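Peer 1: Okay, here's the prediction I keep looking at, along with the sequence it came from:
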Amino acid sequence: MKNSNTITEGALFSGIYLLLLIMTVYVPVVGTITMFLLPIPIILYTFKQGFKSSLVMFIVITLLSILLATVFSLPVTILAGLGGITIGLCLHYKKSVYETWAAGSVAFAVGFVIVFLISQLLFEVNFIDEMNVMVEQISTQTLNMLEQFGEVPEETVQLFEQQMNQITYLIPVMIGIAGIVYSFLAIWIGFKVLNRIYKKSYSFPPFRKFRLPISVVWYYFLSVVIMWIEPEQGTLLNQAASNVSMLVGLLLVLHGLSFIAHYVHVKNKSKGLFVTAIVLIVLLPTLFIYPIRILGIIDLGFNLRDRLSEEKK
């Protein structure tokens, strides 16, 4: 009976996945939405049946997707499968929400790397070359627009070109951020569906409870020191340090914002303070990202939110 239910659910969720895949591949506008829904059937089935059954389902939908939606669907299915199975297993084994998010982020990031490799090997699409061409076009168009308002100093042109060329070195951190965002959306949507179908009560904890491990601070400082020791852009060591510094720096900004949310909650302050912090970061990132990041570092290093909670008691 159990095997019968497993097969029936596997067929049902495989059918849902293939329907979403066909919409993603063949319906451009709707496909931008269904792209984020692709991992959901895999998450649901893995959550219910575990690893072995989900692996069989993954193999089946991979083969069927190639037959029904052409070989171009292979990278998409691998991406959704890796992330969906990872998130589903975390939920199956009752991992915490943030552990699930972290594991899903890594899985999706690996999936994006595999997508790039498959696209380059099978479809002869080199994303790095494409990005270099796009960056060059943007640089040329921007400088031409600025020249219409007057002569642009040579130092400004060189600095701008240097910063634009740096973008291609940050592809790894872009993949990491894409994995984090995709994982968050997949888990958030998955929670909604799980709660509806299986009568669960999954949800993300309040943002004020978001906390990074203390080791993150040391990763950040180590990357900064390496960039100071090896300042020449383009070298392998500098690229690695730059990517770690940017990715961890963004996480520290989130930690700083979570501290502000915690402060607002503990001190019964207006939520407008937290909203204002977000607005300032979005509108004036060069001025406010660094103070919020420093706040996150101080909170991690000195346990500021624990002291605030003790004061409230």
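Peer 2: Yep, it's here. Residues are numbered from 1 along each chain as shown.
Peer 1: and the gap between the nearest residue to residue 183 once chain neighbours are set aside and residue 46?
Peer 2: Nearest in space to residue 183, with sequence neighbours left out and distances taken as C-beta to C-beta, 6 or more residues apart in numbering, is residue 104 at 3.5 Å. Just so you know, the C-beta spots here come from the backbone N, C-alpha and C atoms, and that holds for glycine as well. To residue 46, residue 104 is 12 Å away according to C-beta to C-beta, to the nearest Å.
Peer 1: list residues touching both of those two?
Peer 2: residue 87 (C-beta atoms under 8 Å, 6 or more residues apart in numbering).
Peer 1: Of the two, which one has the most company?
Peer 2: Here residue 104 and residue 46 are compared on neighbour count by other C-beta atoms under 10 Å; more neighbours surround residue 104, at 31 against 27.
Peer 1: Which positions in the strand or helix carrying the more buried one come out as buried?
Peer 2: Secondary structure assignment for residue 104, by DSSP states H and E: helix 97-122. Across helix 97-122, burial judged by 16 or more other C-beta atoms under 10 Å covers 97, 100-101, 103-112, 115-116, 118-119.
Peer 1: could you give the angle of the next helix or strand along the chain from that helix to helix 97-122?
Peer 2: Once the chain leaves helix 97-122, the next helix or strand it forms, by DSSP H and E, is helix 127-147. If you take axes from the mean of the first three to the mean of the last three C-alpha atoms, to 10 degrees, helix 127-147 sits at 100 degrees to helix 97-122.
Peer 1: packing partners for helix 127-147?
Peer 2: Counting contacts by 3 or more C-beta pairs under 8 Å, 6 or more residues apart in numbering; DSSP states H and E, helix 127-147 packs against helix 97-122, helix 154-169, helix 171-197.
Peer 1: Report the inter-axis angle for it versus helix 171-197.
Peer 2: Using the same axes, to 10 degrees, the direction of helix 127-147 lies 110 degrees away from that of helix 171-197.
Peer 1: avg pLDDT for helix 127-147?
Peer 2: When pLDDT is averaged along helix 127-147, the result is 71.
Peer 1: And for stretch 62-78?
Peer 2: For stretch 62-78, the mean per-residue pLDDT is 84.
Peer 1: got the end-to-end distance for that stretch?
Peer 2: Terminal residues of stretch 62-78 lie 8 Å apart, using C-alpha to C-alpha, to the nearest Å.
Peer 1: Which residues does it contact?
Peer 2: 14, 18, 21-22, 24-26, 35, 38, 61, 81, 111, 114-115, 118-119, 122-123.
Peer 1: Next, the buried residues of that stretch.
Peer 2: Residues of stretch 62-78 classed as buried: 64, 65, 69, 73, 74, 75, 76, 77, 78 (neighbour count, 16+ other C-beta under 10 Å).
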